[in-house]
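Asker: Give me coordinates for this.
(one chain, ligands or ions: 2)
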Amino acid sequence: MSQQIAFIGAGNMAGAILKGLIQQGHPAQQVHVSDLDEPKLNALAAEFTGLNTYTDNAACIANADVVVLAVKPQLMAAVCEPLLAAQPSLANKLIVSVAAGIKVARLREMLGNAQRVVRTMPNTPCLIGQGMTGLYADEQVSETDRNAAQTLMQAVGKTAWVESEAGLNHVIAASGSAPAYFFMFMDAMQKSVEAMGLDAVSARQFVQQAAIGSSQLAASQMDKSFTELTAQVTSKGGTTAEAVATFKDGDLAGLVDQALRNCVARAEQMEKQF
Ligand SMILES: NC(=O)C1=CN([C@@H]2O[C@H](COP(=O)(O)OP(=O)(O)OC[C@H]3O[C@@H](n4cnc5c(N)ncnc54)[C@H](O)[C@@H]3O)[C@@H](O)[C@H]2O)C=CC1
Ligand SMILES: O=C(O)[C@@H]1CCC=N1
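Answerer: Residues are numbered from 1 along each chain as shown. Ligands and ions are numbered 1, 2, ... in the order given. Here you go, the predicted model:
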């Protein structure tokens, strides 16, 4: 029988994971989700017949085997306190956090020294089963629990473990936050060609399919580096060379490096803050 899985918070991330899970065949009747936002819960309940919704977090986790903590990091402590008050021992539950910037030790502190804690860093492509999730657990977490957390996230995409907790912050920069970078890049491209005269629908279609095709091509040619794949497109004296040179002149790589370092720095700051 499938596990009872409870989500605390029904936002972007929980919504993405629970949709993926149910679309993969996990019975909606065995998925529980709580939020303060009733219209959000009602929309999910209308989409997934049988889904259990709650405005009381403690009720949501009462019979859960797995609890996915999916609220904003700054709310995590306030959300965990009543959970612990209602269920002083969380030993019978595997806790999976998707929150950025809250370390395992801090989560344990919030949850009365709950041992079974796995930290994950998914991304929004989980919504369509194309997610990438980094996972981290320390030596106190059993193989069974590691496997359960990984299986949960595999329902919505690919997964990979990181060996150190600091590595999870690099996963945030490389993957958790990354959809935003790609969307920004695509948006800038769309706006540029629209400004030059391509209609909006075509601009979106060409940019989007170029992005999909490029990432699938890269995935199909793992023996080639991104630099080599760039060279494949770039004819000497041709059009791409002009665009590539413009990016180099503007130090695109330096800007990207700075953005990712700032992303990690914010995660480290959050680890101290929350
Ligand atoms: N959005 C993303 O791309 C990613 C987000 N994350 C992490 O996922 C977590 C959630 O982020 P999002 O889903 O983007 O945020 P969100 O704002 O979309 O969702 C959070 C939900 O929590 C609800 N909430 C607020 N207070 C609550 C309470 N006391 N009890 C129950 N629910 C409550 C809100 O109403 C909201 O629906 C964060 O910790 C974030 O670091 C991780 C990876 C990617
Ligand atoms: O922006 C954030 O803090 C979260 C973590 C990764 C994506 N969204």
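Asker: Okay, strands next: where are they in the stretch 1-150 of the chain?
Answerer: Ranges of strands within the stretch 1-150 of the chain are 5-8, 31-34, 52-54, 66-69, 94-97, 117-121, 131-136, based on DSSP state E, counting those that start in this stretch.
Asker: what angle separates the last one from strand 117-121?
Answerer: With axes from the mean of the first three to the mean of the last three C-alpha atoms, to 10 degrees as the criterion, the two stretches strand 131-136 and strand 117-121 enclose an angle of 140 degrees.
Asker: contacts for strand 131-136?
Answerer: Here strand 131-136 makes contact (C-beta atoms under 8 Å, 6 or more residues apart in numbering) with 16, 20, 104, 118-126, 146, 149-150, 153, 156-162, 164-165, 167-168, 171, 175-176. For glycine as for every other residue, the C-beta is placed from the backbone atoms N, C-alpha and C.
Asker: Name only those of the residues you listed that count as buried.
Answerer: 16, 20, 104, 118-126, 146, 149-150, 153, 156-157, 159, 161-162, 168, 171, 175-176 (16 or more other C-beta atoms under 10 Å).
Asker: and the stretch 1-150 of the chain, which residues reach ligand 1?
Answerer: Contact residues, the stretch 1-150 of the chain versus ligand 1 (C-beta under 6 Å from any ligand atom): 8-13, 34-37, 40, 57, 70-73, 75, 79, 98-100, 121-124.
Asker: Which of those residues are buried? Put it as a PyMOL command.
Answerer: To isolate the buried subset of those in PyMOL, counting by 16+ other C-beta under 10 Å, use the following:
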select buried, resi 8+9+10+13+34+35+40+57+70+71+73+79+98+99+100+121+122+123+124
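Asker: quick revisit: which of the contacts of strand 131-136 fall in helices?
Answerer: If you go by DSSP state H, the contacts of strand 131-136 have Ala16, Gly20, Val104, Arg146, Ala149, Gln150, Met153, Glu165, Gly167, Leu168, Val171 in helices.
Asker: Near ligand 2, which residues of this structure are found?
Answerer: Ala100, Ile172, Gly176, Ser177.
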